[in-house]
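Enquirer: Quick one: sequence and predicted model below, then my questions.
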Amino acid sequence: MPSLYEVVLSAELTGQINSFLKRAHRYSFSNKIQSVEEIADFEEADETLFFKMKCSQHCLNPTLPPLKPTLMAFVQGTFL
């Protein structure tokens, strides 16, 4: 099964992005040469972002739908 980046990005575009990342390393914008394959672990990144968004101080928290009353009671510790 192809990964998400393979479905979304063409081989040509992937090559262009990899070339850009190599140049970024060459000009010291990055400590190591990375590739699209290395940084496109979307599943883990999505989970990490969603976990961080649940924090009330996160800038994307207001974009989440409101908590359901039963879930809100459980989160506040008053769930019966």
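Expert: That came through fine. Please read all numbers here as calculations on a predicted model, not as lab measurements.
Enquirer: Report how many residues lie close to Gln16.
Expert: 13 (other Cβ atoms under 10 Å). Just so you know, the C-beta spots here come from the backbone N, C-alpha and C atoms, and that holds for glycine as well.
Enquirer: ok, now Leu21?
Expert: Residues near Leu21, counting by other Cβ under 10 Å, number 19.
Enquirer: Give me the buried stretch members for the helix or strand containing it, please.
Expert: Secondary-structure element containing Leu21, defined by DSSP states H and E: helix 11-26. If you call a residue buried by 16 or more other Cβ atoms under 10 Å, then helix 11-26 has these buried ones: Thr14, Ile17, Asn18, Leu21.
Enquirer: Starting from that helix, tell me the next helix or strand along the chain.
Expert: helix 36-39.
Enquirer: so how far is that following helix off the chain centroid?
Expert: Its chain's C-alpha centre and that of helix 36-39 lie 12 Å apart, by Cα atoms, centre = their mean, to the nearest Å.
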